[in-house]
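*Asks:* What shape does this take:
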Amino acid sequence: MKKAFVKSYGCQMNAYDAGRMADLLAAEGYSATETVEEADVVVLNTCHIREKASEKVFSEVGRLRVLKAERAQAGLDTRIVVAGCVAQAEGREILARTPAVDVVVGPQSYHRLPELLAESRSRRVVDTEFPIEDKFSKLPARRNRGVTGFLTIQEGCDKFCAFCVVPYTRGAEVSRPVAQIRAEAEAMLAGGVREITLIGQNVNAYHGEAPGGGSATLADLMRALSDLPGLARLRYTTSHPNDMGDDLIAAHGDNPLVMPYLHLPVQSGSTRVLQAMNRKHTADEYRRLIARVREARPDIALSSDFIVGFPGETDAEFEETMRLVADIDFASAFSFKYSPRAGTPAAEREDAIPEAVKTERLARLQHLLDQQRHAFNESMVGRTVEVLVEKAGRHPGQVAGKTPHLLMVQIDAPASTIGTLLTVRITRSGANSLFGELLPDAAAA
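*Replies:* All right, here's what the predicted structure looks like:
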């Protein structure tokens, strides 16, 4: 049987896309393999967000070129596919620099992967257009791979933040119809999924077609999914502060399936830097928004993204970021040094911050964020929570799952509890997860 190796980098959208490409290949007779050396098709699903993303792809392809040559000597054919956002941004250059690559396909065209692989038998292929057709209607039925799953409901972004390549690699905002999303969710639940995370580049800008006509908001969509049998939890990511509507804020308090966790990137605590980033919100507007969210759901765990060292950021403006973090108190966060992305407005600026300054600022910010994360985790000790068990734990006799606040918990419990909700008392906090004990009267749900 033919075998396929699919490796994904970056965001949850890429994880979803990688899974769907694996589904496409499975429908063509390929079985999945974790061993690249035995793969007849190798797919690298790339991300353009991180620093030196392109060079990392070229380095990976260089290693695959050697493997492809070795397999060829043994009479085995290997097709190498570069997919995702680096493919979208630099498709022609990938073909020019890496002769071993057979197919380059962007994130809006991967539904054509079997067709492109067939074409690659006679010529190298690149498809990085933004097709008008709906790729989701052309994908095969999903093959579920666990208790939790991602479901793409929206793609693209119209915000054009000065540092970001997403509008250029994923295109304009497009939302899937409610009926199509509900059908995919039903298939996921039938396959054993209990928790669904709705994802998109700007997921809370969702405005898909409603069953009765008109458009639905993200809150409407979550309400439309909440009656599905077997669905225990709903999450969504990633959001923009400007699209956090009143009904979505209210949903955190009104819809019991919506988990008390919100990832809402702010990027900076300086309003002047936010304006330079083209974020279209101020630091105080973000503070007021968080206050409204906490009013709707007082126990919510907040997460965010931060960029330090954006061109022109002064010491005083960085201190404003530190002040915002101190004011809000995050349960978790992702923070990075600014690095330019070709083709973005910020990359053309000439007031770059020295690397040493960026490094020092990032270290200070991450220290504060780590303190807040540890404090939030410690605050869970002694509390009784519901844990959705996802997999076997670190040691024999253990299972692991997540709390409503997206914290991983290790529990002494049998493997038969995987896929169920357990009532657990948190006994201690570790470096990267919590530890809990199953209550004597806890009943799996």
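*Asks:* So Ser31, which state does it fall into?
*Replies:* strand (DSSP: H, G, I helix; E, B strand; the rest coil).
*Asks:* Hmm, Ala22 and it touching each other?
*Replies:* No: using CB atoms under 8 Å as the test, Ser31 is too far from Ala22 to be in contact (9.9 Å). Just so you know, the C-beta spots here come from the backbone N, C-alpha and C atoms, and that holds for glycine as well.
*Asks:* Check which element follows whichever strand or helix holds Ala118 along the chain.
*Replies:* Assessed by DSSP states H and E, Ala118 sits inside helix 113-119. Sequence-wise, the next helix or strand downstream of helix 113-119 (DSSP H and E) is strand 125-127.
*Asks:* What strands line up against the helix or strand following that next one, and which way round?
*Replies:* Scanning forward in sequence from strand 125-127 by DSSP H and E, the next helix or strand is strand 148-152. Using DSSP bridges, strand 148-152 pairs in its sheet with strand 195-199 (parallel).
*Asks:* Can you tell me which helices and strands the first helix or strand past the strand it pairs with going along the chain packs against?
*Replies:* Next helix or strand after strand 195-199 toward the C-terminus (DSSP H and E): helix 218-225. If you count contacts as 3 or more CB pairs under 8 Å, 6 or more residues apart in numbering; DSSP states H and E, helix 218-225 packs onto helix 178-190, strand 195-199, strand 233-237, helix 246-254.
*Asks:* For Asp17, which of the ones you listed is the nearest?
*Replies:* Asp17 lies closest to strand 195-199 among the helices and strands packed on helix 218-225, at 10.2 Å (CB to CB).
*Asks:* neighbouring contacts of that closest one?
*Replies:* 12-13, 16, 147-154, 181, 185, 188-189, 206, 218, 221-222, 225, 231-238, 388, 402 (CB atoms under 8 Å, 6 or more residues apart in numbering).
*Asks:* rerun that using 7 Å as the cut-off
*Replies:* Residues outside strand 195-199 that contact it (CB atoms under 7 Å, 6 or more residues apart in numbering): 12-13, 16, 147-153, 185, 188, 231-237, 388.
*Asks:* what's the answer for stretch 110-118, then?
*Replies:* So stretch 110-118 is contacted by 17, 21, 24, 28, 41, 79, 83, 103, 105, 125, 127, 135, 138-139 (CB under 7 Å, 6+ apart).
*Asks:* Tell me where the chain has helices.
*Replies:* Listed in chain order, the helices of the chain (DSSP state H) span residues 12-27, 53-73, 85-97, 113-119, 166-169, 178-190, 218-225, 246-254, 271-276, 283-296, 315-328, 355-379.
*Asks:* Hey, what's the angle from the last one to helix 315-328? Just curious.
*Replies:* This means helix 355-379. 10 degrees (axes from the mean of the first three to the mean of the last three CA atoms, to 10 degrees).
*Asks:* going forward, begin numbering at 8 instead of 1
*Replies:* In the new count, where the first residue is 8, that last one comes out as helix 362-386.
*Asks:* What average pLDDT does helix 362-386 get?
*Replies:* In this model, helix 362-386 carries a mean pLDDT of 98.
*Asks:* Now that helix: buried residues?
*Replies:* Val364, Lys365, Arg368, Leu369, Leu372, Gln373, Leu375, Leu376, Gln379, Arg380, Phe383, Asn384 (16 or more other CB atoms under 10 Å).
*Asks:* what's around Gln297, how many residues?
*Replies:* For residue 297 the amino acid is Ile, not Gln. 23 (other CB atoms under 10 Å).
*Asks:* What distance do you get for it to Asn52?
*Replies:* 33 Å (CB to CB, to the nearest Å).
*Asks:* can you check Ser277 too?
*Replies:* 35 Å.
*Asks:* repeat for Ile206
*Replies:* From Ile206 to Asn52 the distance is 15 Å (CB to CB).
*Asks:* can I get the buried residues of helix 362-386 in JSON lines with distance to Glu180?
*Replies:* Formatted as JSON lines, the buried residues of helix 362-386 follow (distance: CB to CB, whole Å):
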{"residue": "Val364", "distance to Glu180": "35"}
{"residue": "Lys365", "distance to Glu180": "31"}
{"residue": "Arg368", "distance to Glu180": "32"}
{"residue": "Leu369", "distance to Glu180": "30"}
{"residue": "Leu372", "distance to Glu180": "30"}
{"residue": "Gln373", "distance to Glu180": "31"}
{"residue": "Leu375", "distance to Glu180": "33"}
{"residue": "Leu376", "distance to Glu180": "29"}
{"residue": "Gln379", "distance to Glu180": "32"}
{"residue": "Arg380", "distance to Glu180": "31"}
{"residue": "Phe383", "distance to Glu180": "32"}
{"residue": "Asn384", "distance to Glu180": "35"}
